[in-house]
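Chemist: Below is the structure, and that's it, no one-letter string:
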């Protein structure tokens, strides 16, 4: 059975995968935002650097040249856009922020999260690339007759300078950590006795995790949110106990932010971590938080941009965890009444569907609003949970990680798909 597993190729994981949505490298942040709004199911877009000017479409394309002249540089999602728009310079000038090149969304000094892979590459080679840090493996699709998103791809590509032909006539899909873990679950017997062992005994509980205190400004966790998106994990929202350590209250999850719209950037810039967590939770934010974001944005910006002038003059901007004064609570100037239309006007294609004004348009799902109910608790397991139980738990909830807590909900660490894949890879190497 182990020999059978090792004989599988990357193409075996691509069965049923649709062609990728994509953006040209010449696209802007606004183009990326518009494309994500128009894509009914996609939460991530590849950014491609394609040069097809040399192609003679009457002649067959040299596949080696095609790969060299058409490559995916990275990927962007709504999390990248929200974090970018929550910065002070973006808040003061959203038009300039939306017209910035999409490459500004890539994290500096961090390698690309995507790698090109030949469909005939072995499963072990794919595992190597993922363990080296690749989130997505870009694989050419061999069957060109399957249903395609070519028309949407052409519409998106028209914002840049590439040919309207998708990557010179070729189509690609990508596979990720979840695809590989789900595939390996079908061969779980190969890895015996590992699946029944506890995650603590296997030594895969990461003790160093991203965390922010409940009452700290959410903006203080901005870089952690970006890093969590890059590593496909989340930021723990905790309350510190002097005796027992951090207690897990909730999480700020990029997998949740992917389904939010761009106006959540305003909440990220103004609320505490605990309030922001509640703001993006299922069912939409409470009215009190909606009003709080509106008042604090007004307080931060000031009528007709006075907030920016005060900041340049050295006057402090109230921190997001500071209480509002009575004057702040009662302020109803012209900027506050008109800013919702102004912000929506800057957004490509106007306000998002299923949303009202910017301070009403918050957490949403691409398939419709989630039903209002109690807050969804973060996914947790115990140090004595078995490896296969954690695998199934994460796959069932479509996340790449599970928090590890003790019996008192104190945060112990985290287990990720990357840790699980590392255990499997080492086991397969030991079978040689």
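Modeler: Received the coordinates, thanks. What you see is a predicted model; the values in this text were computed from it and never measured.
Chemist: Looking at the helix or strand harbouring residue 227 now, give me its mean pLDDT.
Modeler: Taking DSSP states H and E as the criterion, residue 227 maps to helix 222-231. Averaging pLDDT along helix 222-231 gives 93.
Chemist: Next SSE downstream of the strand or helix carrying residue 95?
Modeler: Following DSSP H and E, one finds residue 95 within helix 94-98. Remark: after helix 94-98, the chain's next helix or strand is strand 114-116, criterion DSSP H and E.
Chemist: helix or strand right after that following strand?
Modeler: Remark: after strand 114-116, the chain's next helix or strand is helix 123-131, criterion DSSP H and E.
Chemist: strand partners of the next helix or strand after that next one, parallel vs antiparallel please.
Modeler: Counting by DSSP H and E, the element after helix 123-131 in chain order, helix or strand, is strand 136-140. In the sheet, strand 136-140 lines up against strand 114-116 (parallel), strand 172-176 (antiparallel) (DSSP bridges).
Chemist: And the contacts of strand 136-140?
Modeler: Strand 136-140 has contacts (C-beta atoms under 8 Å, 6 or more residues apart in numbering) with 10-11, 14, 20, 44, 46, 72, 75, 113-119, 126, 129-130, 170-176. All C-beta atoms are positioned from the backbone trio N, CA, C, and that covers glycine.
Chemist: ok, back up a step: other SSEs contacting the helix holding residue 227?
Modeler: Helix 222-231 sits against helix 78-85, strand 235-241, helix 254-257, with contacts defined as 3 or more C-beta pairs under 8 Å, 6 or more residues apart in numbering; DSSP states H and E.
Chemist: Residue 408: how many residues sit nearby?
Modeler: 9 (other C-beta atoms under 10 Å).
Chemist: And the pLDDT at the nearest residue to it once chain neighbours are set aside?
Modeler: Leaving aside its sequence neighbours, residue 408 sits nearest to residue 244 (C-beta to C-beta, 6 or more residues apart in numbering; 6.5 Å). Here the pLDDT value assigned to residue 244 is 81.
Chemist: what about residue 244, neighbour count?
Modeler: For residue 244, the tally of surrounding residues (other C-beta under 10 Å) stands at 12.
Chemist: Isn't it up against residue 412?
Modeler: No. Residue 244 lies out of contact with residue 412 (C-beta atoms under 8 Å); the separation is 11.0 Å.
Chemist: returning to what we had before: pull out the buried members of the contacts of strand 136-140.
Modeler: The neighbour count (16 or more other C-beta atoms under 10 Å) marks 10-11, 14, 20, 44, 46, 72, 75, 113-117, 126, 129-130, 170-176 as buried among the contacts of strand 136-140.
Chemist: So what touches the one helix or strand residue 200 maps to?
Modeler: According to DSSP H and E, residue 200 maps onto helix 199-202. Helix 199-202 has contacts (C-beta under 8 Å, 6+ apart) with 194, 205, 381, 383-387, 390, 404, 415, 423.
Chemist: Max pairwise distance over the residues you listed: which two?
Modeler: Largest separation among the contacts of helix 199-202 by C-beta to C-beta: 194 and 404, giving 17.5 Å.
Chemist: just for the stretch 251-400 of the chain, where's the confidence low?
Modeler: Counting by pLDDT under 70, the stretch 251-400 of the chain shows low-confidence ranges at 282-283, 302-376.
Chemist: I'd like the average pLDDT over the following helix or strand past the helix holding residue 200.
Modeler: For helix 199-202, the succeeding helix or strand toward the C-terminus, using DSSP H and E, is strand 211-213. Averaged over strand 211-213, pLDDT sits at 96.
Chemist: Number the residues from 56 up from this point.
Modeler: With the count now opening at 56, the last piece we talked about shows up as strand 266-268.
Chemist: partners of strand 266-268 in the sheet?
Modeler: When sheet partners are counted by DSSP bridges, strand 266-268 sits next to strand 290-296 (parallel).
Chemist: and the strands paired with strand 191-195 as a markdown table, adding distance to residue 154 and mean pLDDT?
Modeler: Shown next, in a markdown table, are those (distance: least, C-beta to C-beta, whole Å; pLDDT from 0 to 100):
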| stretch | distance to residue 154 | mean pLDDT |
| --- | --- | --- |
| strand 169-171 | 25 | 88 |
| strand 227-231 | 28 | 89 |
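Chemist: Switch the ones you listed over to CSV; also include distance to residue 59.
Modeler: Converted to CSV, the strands paired with strand 191-195 look like this (distance: least, C-beta to C-beta, whole Å):
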stretch, distance to residue 59
strand 169-171, 25
strand 227-231, 19
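Chemist: you'd agree residue 283 is up against residue 291?
Modeler: No. Residue 283 is beyond contact range of residue 291, at 9.6 Å (criterion: C-beta under 8 Å).
Chemist: Those two: which is more packed in?
Modeler: Set residue 283 next to residue 291 and count neighbours by other C-beta under 10 Å: residue 291 wins out with 28 against 24.
Chemist: pLDDT score assigned to that one?
Modeler: Looking at residue 291, its pLDDT reads 96.
Chemist: give the contact list for the closest residue to it other than its chain neighbours.
Modeler: Nearest residue to residue 291, sequence neighbours excluded (C-beta to C-beta, 6+ apart): residue 266, at 4.1 Å. In this structure, residue 266 makes contact with 279, 290-293, 301, 466, judged by C-beta under 8 Å, 6+ apart.
Chemist: can we see that at 7 Å?
Modeler: 290-291, 293, 301 (C-beta atoms under 7 Å, 6 or more residues apart in numbering).
Chemist: Which single one of those is nearest to residue 350?
Modeler: Set against residue 350, the nearest of the contacts of residue 266 by C-beta to C-beta is residue 290 (25.2 Å).
Chemist: That closest one contacts residue 276, correct?
Modeler: Yes. Counting by C-beta atoms under 7 Å, residue 276 is a contact partner of residue 290 at 5.5 Å.
Chemist: And those two? Which one has more around it.
Modeler: Under the criterion of other C-beta under 10 Å, the comparison of residue 290 against residue 276 puts residue 290 first, with 26 against 23.
Chemist: That one bridge partners, please.
Modeler: Here residue 290, judged by DSSP bridges, has bridge partners residue 307.
Chemist: And for the one 10 residues further on?
Modeler: Here residue 300 sits in beta bridges with residue 296, going by DSSP bridges.
Chemist: Thought residue 463 was touching it, still the case?
Modeler: No. Applying C-beta under 7 Å as the test, residue 300 and residue 463 come out as separate, 10.0 Å apart.
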